[in-house]
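Colleague: Sequence and predicted model, in that order:
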Amino acid sequence: MTGQPLIRLENVDKHYGALHVLQDINLEIPQGQVVVLLGPSGSGKSTLCRTINRLESIDSGTIYFDGTPIPAEGKQLAHLRSEVGMVFQSFNLFAHKTILENVMLGPQKVLKEKKSDVEPRARLLLERVGVQAQADKYPSQLSGGQQQRVAIARALAMEPKAMLFDEPTSALDPEMVGEVLDVMTSLARDGMTMIVVTHEMGFARHAADRVIFMADGQIIEDAEPDQFFTNPGTDRAKDFLSRILTH
Amino acid sequence: MDVLLDESNRQAYLSGFTWILLLTLVSAVFSLVLGVILAAMRVSPIPVLRWAGSMWVQLFRNTPLTLIIFFCYFGLFSTLGFKVSNNITVNNFWLGVVGLSVYTAAFVCEAIRAGINSVPAGQAEAARAIGLTFSQSLTMIVLPQAIRTTIAPLGSTLIALCKNTTIVGTIGVIEASTVMKDLINSNGDAVIEVFIMFAGTFAVVLIPTGYLFNWMSRRWAVKT
């Protein structure tokens, strides 16, 4: 499968009423690449991220995942989503289930694995993200940073081919951002294909292979992090960087 | 108080409230099942199901229960020949259950739908994102959280259902309110006592029911 991108967007368009939120997006993401989506709010970066597992539908164009177009609805779509992990800004852990149950639910109900097979793996994942001691608690008993790390473990339990992060640290208190970014950085090092919408410039600089800068529903720049941060090619990007880096 | 000490009056009283209890329990089960199905239809991704669920609610929520019960008797039974038993009282009981259930299901549906709407949208999104289907996400993630916030309103609906069962008296089930009317007719000197006895029985059962549902809703509340 070398040479074929894991994720490919072809002429993707989407409107919210009069707002043209994605304008003719073309993008290829190879296996193992860590892509950071940057841009001012309203630029369409979150929407783009969410179209890849079809939490957002598109008006026209095609999105391929692992060589096949993303199905519209039903069982095939559910199957595709099981192969793409997603981490949300607001964690979205299942409030009525314990931490361990949150991590085990997908493998048991979607992948139909036996509880006895899933539990050791789930506990190992919780250990990997550093919340093994909280396994029997409920989400509301954990800090934001802990919840987000559990959310990452929940996504990893499905053994996904790619992970989407939609502003994973934006709802966190500043002192908890680091612990989540650490987990993400280690994932990136392990070769996970990642698409990360974030405002964390440190993460973009150090962990990303590629930075995509969006504005007004378009991809304005597509560069390596070093080049993007030291020598942005467009005024929009320069303007954006000057706003966020001077603070 | 003599009227209540009379053995045959006491039998009538007990039999009246037994019908009330049976009508309430059986209709509660049917309207809960039907209400959950209707609520699932109303939040489903299939437009025709959403439309059908919404039609049901509009139709039955806005029709007086007395008319629905009359329709069950004169329409379903007399005209269309719907019959589940040759025993006329038993048949009337089931006609009453049909009327009460289709009516109450509309309220159960709306209570559950409000509960579903109270579950943050992110819960369903996260469920879909790990690959659960619509029905899995509804039954495993959304409904368990919705039902808990729906307990208190469902309690009110159950209390209303219990009181509404007296309307089945109009189609020939000798339930409590019919017994009360008969006792008042034949004991003109004890109207207040008879009334207090019957109304008090409802109150004695229903007030704790209300507290029980409030307690359950607190006990099972999902902390967020």
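Modeller: Structure received. Residues are numbered from 1 along each chain as shown, chains lettered A, B, ... in the order given.
Colleague: show me the residues around the nearest residue to residue A:62 once chain neighbours are set aside that make contact.
Modeller: What sits nearest to residue A:62 in space, not counting adjacent residues and going by CB to CB, 6 or more residues apart in numbering or on different chains, is residue A:10, at 4.7 Å. Heads up, the C-betas are built off the backbone N, CA and C, glycines and all. By CB atoms under 8 Å, 6 or more residues apart in numbering or on different chains, the residues touching residue A:10 are A:26, A:61, A:62, A:63, A:64.
Colleague: Doesn't residue A:10 belong to a strand?
Modeller: Yes. Assignment of residue A:10 by DSSP: H, G, I helix; E, B strand; the rest coil places it within a strand.
Colleague: per-residue pLDDT, it?
Modeller: At residue A:10, the model reports a pLDDT of 93.
Colleague: low-scoring stretches of chain B, by residue?
Modeller: B:1-2, B:222-224 (pLDDT under 70).
Colleague: And the contacts of residue A:10, which is closest to chain B?
Modeller: Among these, residue A:63 lies closest to chain B (CB to the nearest CB), at 15.5 Å.
Colleague: For burial, what's the neighbour tally of the closest one?
Modeller: Neighbour count for residue A:63, taken as other CB atoms under 10 Å in any protein chain shown: 20.
Colleague: which SSE is it in?
Modeller: If you go by DSSP states H and E, residue A:63 is part of strand A:60-65.
Colleague: Contacts for that strand next, please.
Modeller: Contacts for strand A:60-65 (CB under 8 Å, 6+ apart): A:5-13, A:24-25, A:51-52, A:54, A:69-70, A:80, A:83-84, A:161-162.
Colleague: immediately after that strand, which helix or strand?
Modeller: Next element after strand A:60-65 (DSSP H and E): strand A:68-69.
Colleague: need the next SSE after that following strand, C-terminal direction.
Modeller: helix A:74-82.
Colleague: Could you check the angle that following helix makes with strand A:60-65?
Modeller: 60 degrees (axes from the mean of the first three to the mean of the last three CA atoms, to 10 degrees).
Colleague: which residues touch the residue nearest to residue A:38 when sequence neighbours are not counted?
Modeller: Spatial nearest neighbour of residue A:38, chain neighbours left out: residue A:213 (5.0 Å); criterion: CB to CB, 6+ apart. Residues near residue A:213 by CB under 8 Å, 6+ apart: A:38-39, A:219-223, A:228, A:232, A:234, A:236-237, A:240.
Colleague: Give me the phi and psi for residue 180.
Modeller: Picking chain A for this. Phi and psi for residue A:180, reported as degrees, to the nearest 10, are phi -70, psi -40.
Colleague: Look up how far residue B:194 lies from it.
Modeller: 70 Å (CB to CB, to the nearest Å).
Colleague: got the contact list for residue 158?
Modeller: As the question left the chain open, I've gone with chain A. A:82, A:83, A:85, A:106, A:107, A:110, A:111, B:130, B:131.
Colleague: looking at chain B here, not the other one
Modeller: B:24, B:28, B:209, B:213 are the contacts of residue B:158 under CB under 8 Å, 6+ apart.
Colleague: now do 10 Å
Modeller: For residue B:158, the contact set (CB atoms under 10 Å, 6 or more residues apart in numbering or on different chains) comprises B:24-25, B:27-28, B:31-32, B:104, B:107-108, B:206, B:209-210, B:213.
Colleague: now swap in residue A:198 and tell me
Modeller: A:36-38, A:45, A:89, A:165-170, A:177, A:181, A:184, A:204, A:207-208.
Colleague: What subset of the residues you listed is buried?
Modeller: A:36-38, A:45, A:89, A:165-169, A:177, A:181, A:184, A:204, A:207-208 (16 or more other CB atoms under 10 Å in any protein chain shown).
Colleague: hang on, residue B:198 packs against residue B:163?
Modeller: No. With contacts counted by CB atoms under 10 Å, residue B:198 stays clear of residue B:163, the gap being 11.7 Å.
Colleague: Mind listing the shared neighbours of the two?
Modeller: With CB under 10 Å, 6+ apart as the test, residue B:198 and residue B:163 both reach B:20, B:177.
Colleague: Wait, a strand at residue A:24?
Modeller: Yes. Membership of residue A:24 in a strand is supported by three-state DSSP.
Colleague: Chain neighbours aside, what residue packs nearest to it?
Modeller: Using CB to CB, 6+ apart, the nearest residue to residue A:24 is residue A:11, at 5.6 Å.
Colleague: separation between residue B:213 and residue B:158?
Modeller: Looking at residue B:213 against residue B:158, where the rule is CB to CB, the gap reads 7 Å.
Colleague: what helices or strands is whichever strand or helix holds residue B:213 leaning on?
Modeller: Per DSSP H and E: residue B:213 is located in helix B:191-219. Secondary-structure packing of helix B:191-219 (3 or more CB pairs under 10 Å, 6 or more residues apart in numbering or on different chains; DSSP states H and E): helix B:2-5, helix B:7-43, helix B:143-164, helix B:176-186.
Colleague: Tell me where chain A has helices.
Modeller: Taking DSSP state H to define them, one finds helices in chain A at A:45-51, A:74-82, A:99-109, A:115-128, A:144-156, A:174-189, A:201-207, A:225-230, A:235-245.
Colleague: Closest residue of chain B to chain A?
Modeller: residue B:131 (2.9 Å).
Colleague: what kind of secondary structure is that residue in?
Modeller: Per three-state DSSP, residue B:131 ends up coil.
Colleague: Torsion angles phi and psi at it?
Modeller: phi 100, psi 10.
Colleague: residues in contact with the residue nearest the centre of chain B?
Modeller: With distances taken as CA atoms, centre = their mean, residue B:161 lies nearest the centre of chain B, 3.8 Å away. Counting by CB under 10 Å, 6+ apart, residue B:161 touches B:23-25, B:27-28, B:31, B:65, B:100-101, B:103-104, B:107-108.
Colleague: Separate out the buried members of those.
Modeller: Of these, these count as buried by 16+ other CB under 10 Å: B:23, B:24, B:27, B:28, B:31, B:65, B:100, B:101, B:103, B:104, B:107, B:108.
Colleague: Wait, the fourth one touches residue B:164, no?
Modeller: No. Under the criterion of CB under 10 Å, residue B:28 lies out of contact with residue B:164, with a separation of 11.1 Å.
Colleague: what is in contact with those two at once?
Modeller: B:100, B:104, B:157.
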